[in-house]
Structure formats: C-alpha cells, structure tokens
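Peer 1: Turn this into a structure:
(one chain, ligands or ions: 1)
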Amino acid sequence: MKEWTLAERYRVLKDKSELELLYNRTKQSLYRQAYHVQPITGLSSDPNGFIYHQGLWHLFYQWCPWGAVHGLKYWYHTVSADLIHWQNKGIGLAPDTRYDNKGVHSGSGFSEGSDFYLFYTGNHRDENWIRTPYTCAAKVNEAGEIKKLSQPLFGPHPDYAEHQRDPKIVYHEAKQSYYILLGAQSKELKGKVLVYKSKHLLEDWHFAGELRVPGYEDLGGMWECPSIAHIDGKDVLVFSPQYTKLPGRSNNTNHNIYLIGRMDYDRLTFTAEGPYRFLDYGFDFYAAQFAANVQEMDRAVLTAWIGLPDNHYPTENEDWEGSLTLPRELRIVNGRLRQLPLAQIKELRQEKLQSEQELPRVCEIQAINKGADFCLKLFARSDGSGGLIISYDAANNSCLIDRSQMAQRFNRELGEQLTIPLDSPLTNLAVFVDRSSVELFINQGEATFTSHLYPVEEEHTYTVSGELDVAIWTLKTAVSDEFII
Ligand code: FRU
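Peer 2: Modelled structure (predicted):
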C-alpha cells in the first residue's frame, strides 16, 4: 500500500493534463464499473448535492483526484436524465477559497426557480492544521455555471467540537423557513444534529438549536451526513453514526441507519416510532443521501457511497477506488423502508443467459426461492469452491453473506461475514453485479446488502443448491467515464 505524504494528499489540481496518465491507466482496470457512478480518477466517497432539477438529475461525489486516498476533496459532477445513464460533467466545486482551502466537504442541493444551489462544508485548516468548518453555498444557474457565494453562511458553533459538517437543506412550507441540518459532535464526543434556520435561502442564517432525538442521545461519537425525507406520510431521518460498534455489524465502527417518525421543527425534535434500522446490511455502504426536489413526484430516491471511512480496497494498487450505489426508490411498508432499484434499470438488460455455468462480470440475477434453505455462490471457481456465499436459513429467517472465500480478501479485521435478519421468509432475491460491486435486494427491497467484490479470472462461475430458480441477464454499460475535468 502506498504511503502518502500530506503534501501529496493535499496537492491542488492546476490543470487537466496532470491527470491524463492516471486517467488512461485507471480506465484499463478490470474493475471499472459499467453502470455505477465511479471516480474519474483517484477516490470517490460520499454522494453530494443529489438533486432533480428541470428534468435532469445532478449527482456529485466527494473526489480526491490523485489516488485511492482521502485528501483534498472536490465535488465531481455527473448528470443523468433517467438515473440510469450517467455523463461526466467535470469539477463542480474546487477547494479554491480560504474557507475551503483543505477541501470542499459534503453537502446537499436545493432547487429554486430556474437555479439550484449547493450547500457544502468548507474545510478550512490553518498553518497549524487547526480545522474550522464553514457552511457555504454556491449557485448553479440555468447555463450550468456554478458560482460560490463570496462568504460562508455561517461558521462553526463554539459549543461543539470541530466536527460540524454536511449541511442538508430543507424548506418548511407552513413555517415559510429554510432549515439546515448539520452533522456534529458534542464536546462530550457524542453524535448530534445541529439545526440552523433562516427566512432567506442565502442569508440571515442563525443557530436554532440541537436536534433532540429521544432515545438516541448516546449512539456513536459523530453523526455524519444527516439527510431527511418525507415518505408515505412519515419523516425519515438518515445519518451515519461513527466511533461505535453496533449489534450485527461485526467489528465495523461506521454505520448508516434510519429512523422513521416525525420531525417537529417547533420543538426541534425527531420522534422515532420504532427502533433504528440499518439502511443496508452490507460491508460497504455509507453516507447515504436523499435526492432533493422529488417530493412533488411522490418519490424518495437515495444513493450512497459503496465504501466505508478508513477501509482499504484492492484497487488501491491501481490508484483508484470507490463507487456510488444504484439509486434506490423508497417506500415505507409495515414500519420499514422498502428499497428497490428503479424500474427503468430493466432497460440495461441485454441478453438472458442460457448456460448455467458462466457468471458475467456485469449482470442482473433474479432468483425465486420455492423451497426453504438455499445457498447461492457467486464467482465460485470451476470446481465449485470459493465464491461469495449467500446462504438462507429458513428456520432463523436470516441470510448469511460470506466473502471470506474470495481470492481477493480485504478489510478482514472488520469481519467477512454478515447476517441479514428478515421479517418474512425469503422468496425473492435480486442481485446487481458490476465489476467491483454486488447489491442484493431481498423480498422486493425488504432488506438490502451492498459490498465491494473483486473477483479474479478463475472466479467465473456460480453454483446453486436448494430450490432456487435463477435467471441472469447481462447488462449494458451506462456510465460514460469520459475524461472531463
Ligand atoms: C463522510 C465524510 C463527511 C465529510 C466528507 C469528507 O464520509 O467524512 O462527513 O464531509 O466525508 O470527504
């Protein structure tokens, strides 16, 4: 693994040509995704500024250009007309002011009239590496030009630790006010959400208070990337708690959870109606964000980073890593989120497989379970050994995923097996396989599981035991991956 100096990690990109070689090399990787948004070079992490605006979906990602390392972050911009096919647009926000001199960190989008706005965290550090996070905004006009405001909306709150970031902006119609939810850490090192309020989108912001989330005063040491949406008459609060282990997550200390309940902007209280749940039960899923401006379409769409902070992935050796999940459409059914890939993903289907041997690197698997227990191995070897093991235990109504038999193992110390507890017997399984990821959707989205996976050449087949009916389609490429900086 390469050792990066601070100067290398925080190097400022001056010209597109500085990345050309790296881009050409990255493009040749066997693990480049075919239909998932991925870094043009270097590292991608959180989705940012995800928004539907005037017929187009905009999705930015946290981007470090130089390699598979967290350093100076940019927002890289991609667009789509259908949430399936994505085009590169180039840098959305660069760390080019004193307020974001050490990174343009995560945030959200907001559509108003013919323009839309990006709210982000300016990560400032002084010469002693002391951090000051600023909440900033930029305007994207009809021509697509992005212009930062000259001043931040507000700086850090002195009563909280330096971790204050990832603004999620919402408008409250009845109160005719805008609110920003900010992920934060208290001085007692507890995860919090801070609420700011204004009558005007780009000025007069003031601190309204700390969000009370009864029952969750002690869950983790920092809540990153809060996001909120109204789904089927309920409010859904999503965030990524850190620095804590949670039952069912093995040795991981970074998680992405949701609460269903009611957001009260008068009392600054989110009252959960049930327990917290994991947005996804997989190894690699974090910093999920709802798309803004889709409520009037009666939809909620969410995407996340396929990855976790501090983790390492095999493509580090090729100087790149990361990808975003497929956008998911959400509903609430029986007090739980139902998460499904968008219906139009079917348009990517190419050829239905006849042979029962080869597993394409880019494919969709639809499986119906007619019996009880089953075991499906993806990317097994010709003799049936190895592979990603997906085994269903009907007696316990749970599904075990084991990636320890794959040739390329990674993040082993965090655990290589995870279990998905289910509410109802597993009858239906959809798996979306891309060159370096798998996403499982169980029982029409009752539970999901996302993981990076890096099969080698010898891992090319699949095996099924139990009464599982499997149909497989190869899928078309849907990300442009052009060299646009
Ligand atoms: C989450 C996060 C955010 C931050 C960004 C920096 O992965 O740590 O809290 O804004 O990444 O890249």
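
Peer 1: spatially speaking, which residue is in the middle of the chain?
Peer 2: Ala304 (1.3 Å; CA atoms, centre = their mean).

Peer 1: right, and that one touches Pro47 too?
Peer 2: Yes: counting by CB atoms under 8 Å, Ala304 does reach Pro47; the two are 6.5 Å apart. C-beta here means a position set from N, CA and C on the backbone, and glycine is covered the same way.

Peer 1: who touches both of these two?
Peer 2: Taking CB atoms under 8 Å, 6 or more residues apart in numbering as the contact rule, Ala304 and Pro47 both touch Ala287, Ala288, Gln289, Leu324.

Peer 1: what's near enough to touch the third one?
Peer 2: Contacts here follow CB under 8 Å, 6+ apart; on that basis Gln289 touches Asp46, Pro47, Asn48, Phe50, Ser108, Lys168, Cys225, Ser227, Val238, Leu302, Thr303, Ala304.

Peer 1: List the ones among the residues you listed that fall in strands.
Peer 2: Counting by DSSP state E, these place Asp46, Pro47, Asn48, Phe50, Ser108, Lys168, Cys225, Ser227, Val238, Leu302, Thr303, Ala304 in strands.

Peer 1: What subset of these is buried?
Peer 2: For the ones in strands among the contacts of Gln289, a neighbour count by 16 or more other CB atoms under 10 Å gives the buried set as Asp46, Pro47, Asn48, Phe50, Ser108, Lys168, Cys225, Ser227, Val238, Leu302, Thr303, Ala304.

Peer 1: same for the ligand: which of those are within range?
Peer 2: Restricting these to those near the ligand by CB under 6 Å from any ligand atom leaves Asp46, Cys225.

Peer 1: Which of the buried ones among the ones in strands among the contacts of Gln289 sits closest to the ligand?
Peer 2: Using CB to the nearest ligand atom, Asp46 is the member of those that lies nearest the ligand, at 4.8 Å.

Peer 1: gap between the closest one and Lys377?
Peer 2: 32 Å (CB to CB, to the nearest Å).

Peer 1: rewinding a little: present the contacts of Gln289 as TSV; the columns should include pLDDT.
Peer 2: Formatted as TSV, these follow (pLDDT from 0 to 100):
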residue	pLDDT
Asp46	98
Pro47	98
Asn48	98
Phe50	98
Ser108	98
Lys168	98
Cys225	98
Ser227	98
Val238	98
Leu302	98
Thr303	98
Ala304	98
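
Peer 1: Generate CSV for those residues, with distance to Ala372 as supplementary columns.
Peer 2: Converted to CSV, the contacts of Gln289 look like this (distance: CB to CB, whole Å):
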residue, distance to Ala372
Asp46, 40
Pro47, 38
Asn48, 43
Phe50, 40
Ser108, 44
Lys168, 43
Cys225, 39
Ser227, 38
Val238, 34
Leu302, 32
Thr303, 34
Ala304, 32
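
Peer 1: Leaving out the residues flanking it, which one is nearest to Asp159?
Peer 2: Closest residue in space to Asp159, ignoring its immediate chain neighbours: Lys187 at 6.9 Å, by CB to CB, 6 or more residues apart in numbering.

Peer 1: okay, now the one you found: neighbour count?
Peer 2: 9 (other CB atoms under 10 Å).

Peer 1: Quick one: residues contacting it.
Peer 2: Listed by CB under 8 Å, 6+ apart, the contact set of Lys187 reads Asp159, Tyr160, Ala161.

Peer 1: Report the contact partners of the nearest residue to Ala287 once chain neighbours are set aside.
Peer 2: Distances taken as CB to CB, 6+ apart put Asp46 closest to Ala287, at 3.8 Å, once the chain neighbours are dropped. Counting by CB under 8 Å, 6+ apart, Asp46 makes contact with Tyr61, Gln62, Ser106, Asp166, Cys225, Tyr286, Ala287, Gln289, Trp305.
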